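A.B. asks: Take a look and give me a structure for this.
(4 chains)
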4 protein chains.
Amino acid sequence: MSAVGLPKTKEGGVDFGLDKLAADSERQTAGVPDLWPPDKRVKFALVGLGHLTLEEILPAFAQSKKAKLTGLVSGSPDKARAVAEQYGIKAANIYDYKNYDAIKDNPDIDVVYIVLPNSMHCEFTVRAAAADKHVLCEKPMATNVADCQKMIDSCKAASKKLMIAYRIQYEPNNRLIQKLVRDQTFGKVKIIEASNGQNQGDVNQWRHKRALAGGGAMPDIGIYCLNTIRSMLGEEPSEVFATTYSTPGDPRFSEVEESIVFQLRFPGGVIAHCSSGYGYHELRQYRFMAEKAWFGMEPAFAYSGLQMQLSLPQGSREIFAVPKIDAVNQFVLELDHMAECIAYDKKPLTPGEEGLQDQKIIEALYASASEHKPVALLPVAGLDSTRGDALPPLAPLKL
Amino acid sequence: MSAVGLPKTKEGGVDFGLDKLAADSERQTAGVPDLWPPDKRVKFALVGLGHLTLEEILPAFAQSKKAKLTGLVSGSPDKARAVAEQYGIKAANIYDYKNYDAIKDNPDIDVVYIVLPNSMHCEFTVRAAAADKHVLCEKPMATNVADCQKMIDSCKAASKKLMIAYRIQYEPNNRLIQKLVRDQTFGKVKIIEASNGQNQGDVNQWRHKRALAGGGAMPDIGIYCLNTIRSMLGEEPSEVFATTYSTPGDPRFSEVEESIVFQLRFPGGVIAHCSSGYGYHELRQYRFMAEKAWFGMEPAFAYSGLQMQLSLPQGSREIFAVPKIDAVNQFVLELDHMAECIAYDKKPLTPGEEGLQDQKIIEALYASASEHKPVALLPVAGLDSTRGDALPPLAPLKL
Amino acid sequence: MSAVGLPKTKEGGVDFGLDKLAADSERQTAGVPDLWPPDKRVKFALVGLGHLTLEEILPAFAQSKKAKLTGLVSGSPDKARAVAEQYGIKAANIYDYKNYDAIKDNPDIDVVYIVLPNSMHCEFTVRAAAADKHVLCEKPMATNVADCQKMIDSCKAASKKLMIAYRIQYEPNNRLIQKLVRDQTFGKVKIIEASNGQNQGDVNQWRHKRALAGGGAMPDIGIYCLNTIRSMLGEEPSEVFATTYSTPGDPRFSEVEESIVFQLRFPGGVIAHCSSGYGYHELRQYRFMAEKAWFGMEPAFAYSGLQMQLSLPQGSREIFAVPKIDAVNQFVLELDHMAECIAYDKKPLTPGEEGLQDQKIIEALYASASEHKPVALLPVAGLDSTRGDALPPLAPLKL
Amino acid sequence: MSAVGLPKTKEGGVDFGLDKLAADSERQTAGVPDLWPPDKRVKFALVGLGHLTLEEILPAFAQSKKAKLTGLVSGSPDKARAVAEQYGIKAANIYDYKNYDAIKDNPDIDVVYIVLPNSMHCEFTVRAAAADKHVLCEKPMATNVADCQKMIDSCKAASKKLMIAYRIQYEPNNRLIQKLVRDQTFGKVKIIEASNGQNQGDVNQWRHKRALAGGGAMPDIGIYCLNTIRSMLGEEPSEVFATTYSTPGDPRFSEVEESIVFQLRFPGGVIAHCSSGYGYHELRQYRFMAEKAWFGMEPAFAYSGLQMQLSLPQGSREIFAVPKIDAVNQFVLELDHMAECIAYDKKPLTPGEEGLQDQKIIEALYASASEHKPVALLPVAGLDSTRGDALPPLAPLKL
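C.D. replies: Numbers count the residues shown, from 1 in each chain, chains lettered A, B, ... in the order given. You can find the predicted model right below:
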């Protein structure tokens, strides 16, 4: 029995003991959320108050079962105060970029979630580790391999968790596709195709500055194709080839590439071909072509609306199937995963090593495009060599 | 071995012995059509050269495996000659409405396919039977119950086959749905919903004349809802209720109803609700709501493009599935079924009794609409009491 | 400038002045939520802590821009304390069914949101009005016409707002369909078809008790078909016909109807046919058949995943179109609407009169089913005679 | 007036003067086919009686408006006799590979349609031209550039038409997409993605023999990606890069490649990425990513079931649209186009030059894969430099 006189769930939440509304044959839905007790929740400070924070991450905390928002770090004190007022953050838990290191002394903060321009990820991770805080950092991890390594090293030295915010690896539709690949449910995968594109707005946003972003479409959105394919297969590519293009005279793309089209060869024989662009109407999708079915996601990679599809033969019929699940907030999945890793001392599924590996491949892709030839990568032994503790297994799809 | 030195198929066609193009795991497609030898084919004369004949049925003969077109009957000698020239019909096999009875003496004609305005079906069936020919007759069978009975009686007296052209009962997607219903694959069906509507053109077409058509939307297209539901369940409705409506002042609907909305109660507990209309944009669909899934067709009832859909729960997922098959020409299915019935002396799946039963219910629906109250129908014992020999069984859907 | 040094929005929120991420040609998304300042927010107490409250409404408050949750009323003190702890409700703002009237003295509560079994709606509305609080009440409004009238009268006497929680009328996809109907974008609507069904679980849940629920599928989920059609057309039905059915021996349906199939005739000529059931796999959808297009929603009526569809001809093409919008939380839309009505003294779009009218029609449907004949309703003049102030207009769909 | 007393159509067919069935606002359908008079029809002999001929092309003649089948050429006299019997071909019009040249003296044959293994296309085209017959030849045109050139030269020398059977360029959905590209309806195309794959069956079929097929997936099905992209843009690629793969030990792919993944760079800035494979479940699709919309086909390239899709923003909505047309038989479109070119002395849209250019690019792709580097192609000036007379313009899509 909990303090309030109702039975407890395994996670310490409340078992409300409600009726089962729907018949057993109906779809099993999430039901009443099993919330961790407030004092068990892991305490997050958000670093950076841009679009992603204001539009997606702040509202996500209200749906988290295991995390709570307790602090803010921003270069703009006005923004921080405005957000704090709305979301009930104590004034004492607001920091700026200068006094950021003082979070060390604040027991109200367990972990920082870094949502800054790419080139700032390294500094704010290193400083967080030095302040004895865990780090959840947005993708891409940094703008170069050296920075990625520094981030890993500093967190390791401080014995703090480092997780890179690869939403897709936590999202159930994508995880089901990974399961289909790994279980060879429909035979071996032969070819993978993925694309992630959008049409950029303001010329002067930091994503268009090489120094801040580290590149254009590739590190920002092309990385979803790369990381998703890698995580589905578990293998690392042995060779890559890329072509980049920027429309002459388009001011958005004077520093960074507009488009990138690339191939990835995997040691098991799979070939992937991908594209990403900053200059065309939003399209996010991928597809795995296996011996006995194709399966994929469209939309893929987006914050919401993800949808899996597959198609397989059955006698004289071709069954096109759309397995639908209740939408889940991908930011909540990340927050809760990080909270669990801290509470139960597990290694995040997508640790710093995962971000580092993507950065190595991105640099190889740029080298290929610049040198106009395929570029080989060092062999990597084993499956999932850059990943942490596995998530609980998923129910198989029966088709 | 056939006359031409190649092995024969079971049906007497040619076994070309080709390679298997696709892997065994791929969808099984129809392959090389197994055509009956020309001299085994059943010989059809078409009666009536309107839209349906010119646009659908004449081209269908070229795809038939078991039927061939050998004669024409038309009130317009010019039309008949023009068609005969294009489709290679002998001049001697062209008839008009007066000399139609002379088909009796023509061994080039085994069966007539009546594609005339509804009110003419009875006369041309009775005369065909008298001329010792089998009859395939378009739906609706006639414009009143008495005519339907006369058609049945005259064919019976002459020992000739009588088939009503209910395409849907021969089409594989619809047959699969029937199988799901009968096998209770997804539990019992509780409610059925169906609609079939289109927006009519020329005011003066015969379909807008009560004397020729027997009614408006109901006998022409609403009948698809009625007949499909009846054939899926196998049961007969015990009670009906209908509301009709015609937009005041619309000249298309001065004689016949524009819209009809109706309910059918079945003795097993199923309730169906349907609509049909002549005044709105084409929509043809139906849906069966069963305990553990819903399934249906959209588009349904059309000459082409039919598509089945279903949706069922699986754990935390809802699987929406679209089983696709290679398109089949529904008119070919009817021609080949009638040919088989004649060649092998079987009773057509949709004999005159099937058309008569629909006509009885249509008259009850009109009575309900006119008297503004539900109308009871006489109980009918057994399943499929108005149908002939069953088609070969279909492979089950595994989901 | 706001207190925090950033410009204010029209609603008193904060203008963060961020870059425009996407090109002007891209879809306009919601962007940073324009949150009312905490002290402007309208203060809600939730009455009843069942499935709907725990799974949907409590999380919705975190996404509201204009409302905040400040109080709880529950018959179970344990549940109330557990929820209060999780959602940060002061202990002083927790009430039970006995001391509920004491909310009169609590300035932390502006409005109660009643989420109790149907038969309790009347008492808790009347007591709220007596306690000088506004009322947002779940649908169905009550279990009989007399109770509905009492609720309206008591709120009117106390000069308090009364809103019935008809989510659908606030949801943008549905509102767009209403606009297509009212603007006759695709000509006149001729026929409407709607269905809302699910497969019920626990036998003993209150929804299966006539005294608590007032009926079975009809008042719980069939009401969505009824209310949505009424609100789309603006007209009131002149006559109804219904058939109900319960599977013999199914203990879930010993007191209330399992299925209902009904027709609604509207004075303008539209005929609607609907079904609702408690005994089949979830299906929620509706379709409007108009002269030049059909349009509808599938899924419709659900808490999430709503999707509009339409199909219209263009030359030789049929354009099937799916207009997608960012998902909105329908409970948030209701909370924010109620907050606005209180803050700006507007009449809710769906006031008590709207709930009363549905109840009148539900009683007519039951009378029809029981007497086995159509039942006429009193004529109602004008459009939207039971609705309050209109919502701001929506951008038209251009197709 | 025609010979038969009915008015003639512009093409010499019969105007039956039927009622207009559907309202003007409905979709315009094809109506009664406007058939050329039998004596105006162009006379075809089919060369080769494999799967494609038996399953697709023979039935297609029955739907052709302008062509008729009058002759057969086969290496198997038994097959030829069997087919002749079924399709009413005179015994005098049957040829084998030896006496094939005697078609020169047969006025019943205007044109040969070559449906033989790829390596035989050249010989049978050269012999046909020498026999003073026009040639319609299946794709790929041949197995090497030299053969392609010989075919062009021999037809030119004999002043005969040479058309390569690129179905896709005649199919209306694909043509509409070409129009969207050329008109820049949704801005400039930036990236194109295409794939065409299937899972092969019998190991010993000729498609798996290098000498007969000239390659594996690429010339057989990958060519659809290549040719479709080229014809949509009108431009020729300036550079290509390809990777091929065959599963070790799979006997189907001991001589020819199983999979190919390739990039095409176009001088206007477009980059295309494609894949084709012989070892995975059937998937045929392509997508064009343009500034203001994406559009494509899925299924694409198949004999039937082709479906266009597009998605574009409109205010806060994303409109996903599926423009559907009545299915057309692509083989009929080719037959009728060839017939028209002969009857009216026009240059086929897809002449020998079109096939030659694909072959040049295929050889560059193989060179790239083998040398493991990008391969440049000679610049080609102008648009559609390898194509013949344009088809009549298509009605624009309005969205």
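A.B. asks: Which elements pack onto the lengthiest helix in chain A?
C.D. replies: Longest helix in chain A, counting residues (DSSP state H): helix A:352-371. For helix A:352-371, the elements it packs on are helix A:145-157, strand A:162-164, helix A:223-233, strand A:239-245, strand A:259-265, strand A:375-376, judged by 3 or more CB pairs under 8 Å, 6 or more residues apart in numbering or on different chains; DSSP states H and E. For glycine as for every other residue, the C-beta is placed from the backbone atoms N, C-alpha and C.
A.B. asks: Now distance to chain C, mean neighbour count and mean pLDDT too, for these, in a markdown table please.
C.D. replies: Converted to a markdown table, the helices and strands packed on helix A:352-371 look like this (distance: least, CB to the nearest CB, whole Å; neighbours: other CB atoms under 10 Å in any protein chain shown; pLDDT from 0 to 100):
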| stretch | distance to chain C | mean neighbour count | mean pLDDT |
| --- | --- | --- | --- |
| helix A:145-157 | 24 | 18 | 98 |
| strand A:162-164 | 22 | 28 | 98 |
| helix A:223-233 | 16 | 24 | 98 |
| strand A:239-245 | 17 | 23 | 98 |
| strand A:259-265 | 15 | 26 | 98 |
| strand A:375-376 | 31 | 15 | 98 |
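A.B. asks: Ok, which of these comes nearest chain B?
C.D. replies: The closest of these to chain B is helix A:223-233. By CB to the nearest CB, the value is 18.9 Å.
A.B. asks: Compile the helices and strands packed on helix A:352-371 into TSV and extend it with columns for distance to residue D:331.
C.D. replies: Formatted as TSV, the helices and strands packed on helix A:352-371 follow (distance: least, CB to CB, whole Å):
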stretch	distance to residue D:331
helix A:145-157	55
strand A:162-164	53
helix A:223-233	38
strand A:239-245	37
strand A:259-265	34
strand A:375-376	45
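A.B. asks: Which of the ones you listed sits closest to residue D:261?
C.D. replies: Among the helices and strands packed on helix A:352-371, strand A:259-265 comes nearest to residue D:261, with 5.8 Å by CB to CB.
A.B. asks: So for the residue of chain A most remote from its centre, what's the nearest residue that isn't a sequence neighbour?
C.D. replies: What lies farthest from the middle of chain A is residue A:316; by CA atoms, centre = their mean that is 40.0 Å. Leaving aside its sequence neighbours, residue A:316 sits nearest to residue B:28 (CB to CB, 6 or more residues apart in numbering or on different chains; 4.8 Å).
A.B. asks: Please, which helix or strand holds that neighbour?
C.D. replies: Per DSSP states H and E: residue B:28 is located in neither a helix nor a strand.
A.B. asks: count of neighbours near the closest residue to residue A:71 other than its chain neighbours?
C.D. replies: Sequence neighbours aside, residue A:45 is the residue nearest to residue A:71 in space, at 3.0 Å (criterion: CB to CB, 6+ apart). By the criterion of other CB atoms under 10 Å in any protein chain shown, residue A:45 has 25 neighbours.
A.B. asks: which residues touch whatever residue of the stretch 201-350 of chain A ends up closest to chain B?
C.D. replies: Of all residues in the stretch 201-350 of chain A, residue A:313 sits closest to chain B, at 3.9 Å by CB to the nearest CB. Taking CB atoms under 8 Å, 6 or more residues apart in numbering or on different chains, we find residue A:313 in contact with A:292-293, A:319, B:25-28, D:281-282.
A.B. asks: Shouldn't it be within a strand?
C.D. replies: Yes. According to DSSP: H, G, I helix; E, B strand; the rest coil, residue A:313 belongs to a strand.
A.B. asks: Tell me the pLDDT of it.
C.D. replies: pLDDT recorded at residue A:313 is 98.
A.B. asks: Likewise for residue A:4?
C.D. replies: Confidence at residue A:4, expressed as pLDDT, is 59.
A.B. asks: Could you do residue A:327 as well?
C.D. replies: Taking residue A:327 on its own, its pLDDT is 88.
A.B. asks: can I assume it is in contact with residue A:303?
C.D. replies: No. Counting by CB atoms under 8 Å, no contact exists between residue A:327 and residue A:303, whose distance comes to 10.3 Å.
A.B. asks: end-to-end on stretch A:21-30?
C.D. replies: Stretch A:21-30 has an end-to-end distance of 12 Å (CA to CA, to the nearest Å).
A.B. asks: List the contacts of whichever residue of chain A sits closest to chain C.
C.D. replies: As assessed by CB to the nearest CB, chain C sits closest to residue A:62 within chain A, at 2.9 Å. Residue A:62 makes contacts with C:59, C:62-63, as judged by CB under 8 Å, 6+ apart.
A.B. asks: Ok, residue A:20 next?
C.D. replies: Shown in contact with residue A:20 (CB under 8 Å, 6+ apart): C:201-202.
A.B. asks: Distance of the residue nearest to residue A:316 relative to residue A:314?
C.D. replies: Between residue B:28 and residue A:314 the distance is 10 Å, computed by CB to CB, to the nearest Å.
A.B. asks: now swap in residue A:63 and tell me
C.D. replies: For residue A:63 relative to residue A:314 (CB to CB), the value is 38 Å.
A.B. asks: now swap in residue A:277 and tell me
C.D. replies: Relative to residue A:314, residue A:277 is positioned 37 Å away (CB to CB).
A.B. asks: quick one on the thing from earlier: buried ones among the contacts of residue A:313?
C.D. replies: Among these, those classed as buried by 16 or more other CB atoms under 10 Å in any protein chain shown are A:292-293, A:319, B:26-27, D:281-282.
A.B. asks: give me the number of residues near residue A:219?
C.D. replies: Counted with other CB under 10 Å, the neighbours of residue A:219 add up to 27.
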